[in-house]
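In: need a structure here:
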Amino acid sequence: MAHSLRITLALALLTALTIGVASNAAAGGRKVLDATMTGLPVPGTVIAGITGAGAPWVIDEGRARLFADGRIHVVVEGLIIPALGRNPVATGKAVVSCNGVFADDTAVVPFSPEGDAVVVDVVTLPSPCQGVTVFFTSPGGGWFAVTGF
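Out: This is a model prediction of the structure:
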C-alpha cells in the first residue's frame, strides 16, 4: 500500500512539473540569454552602441537572464570601482541590445555601495532579437558590466 501511494505521489508530481514547464514555454518562457557578466575593463569602451562609464569597474558575480517574452532578471554582486573600493552610484538599470543596437532598458533600481543590485522587469524586444547583449548601467546609460565577454 505504501509503495502504491509513493508511485501515485511521484506520478502526480511529475505531471505537475510537466504542466508547469509546458505553461511556461507557452507563455513566452523560451530563454533568449542566460549569461554571466564581466566588469568594464577600459573606461569608455563601446559595445553594441552602448558606451562604458568613465572609470574601470570590477564585479564579483553577475548574471543576466532574458526570455523571449521580454522578462529580464539581472543580478550583480560586488560591482565596484576598484580605485574607490565601492560603488559611488545610488541606482542602476539593465539595457538590452539586439542585432548590435539598443533595444530597450528597464526601470531604475537601487544599487548599494557594496555594488549589489537586482533588476526584475519586462523589456520590449524587436523581432528578430539576435546577438543579445545585456548591460548593467548608470541611470544615464554608461555601462558598468556586460554579458558575453
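In: I figured Ala68 was touching Leu125, is that so?
Out: Yes - assessed by CB atoms under 8 Å, Ala68 is found in contact with Leu125 at 7.4 Å. For every residue, glycine as well, the C-beta is placed using N, CA and C.
In: what's the overlap in contacts for those two?
Out: Val32 (CB atoms under 8 Å, 6 or more residues apart in numbering).
In: Have a look at the two and say which one is more surrounded.
Out: The residue with more neighbours, out of Ala68 and Leu125, is Leu125; 19 against 15, by other CB atoms under 10 Å.
In: ok so that one is a strand residue?
Out: No - judged by DSSP: H, G, I helix; E, B strand; the rest coil, Leu125 forms no part of a strand; its state is coil.
In: Over to the residue lying closest to it once chain neighbours are set aside: give its phi and psi.
Out: Nearest residue to Leu125 in three dimensions, chain neighbours excluded: Gly70, at 5.4 Å (CB to CB, 6 or more residues apart in numbering). Backbone geometry at Gly70, expressed as degrees, to the nearest 10, gives phi 100, psi -10.
In: which residues does Gly70 contact?
Out: Listed by CB under 8 Å, 6+ apart, the contact partners of Gly70 are 28, 104, 122-125.
In: what's the spatially most central residue of the chain sitting at in phi/psi?
Out: Nearest to the geometric centre of the chain sits Ala64, at 2.4 Å (CA atoms, centre = their mean). When quoted as degrees, to the nearest 10, the phi and psi of Ala64 stand at phi -130, psi 130.
In: Show the pLDDT at it.
Out: Ala64 carries a pLDDT score of 98 in this model.
In: surely it meets Val132?
Out: No - the pair Ala64 / Val132 is not scored as a contact, 9.1 Å apart, by CB under 8 Å.
In: Now the common contact residues for these two.
Out: Common neighbours of Ala64 and Val132 (CB under 8 Å, 6+ apart) are 33, 147.
In: where does the protein dip in pLDDT?
Out: Across the chain, the ranges flagged by pLDDT under 70 are 1-28.
In: follow-up on the earlier one: kindly provide the distance from the residue nearest to Leu125 to Trp57.
Out: From Gly70 across to Trp57, the span is 26 Å (CB to CB, to the nearest Å).
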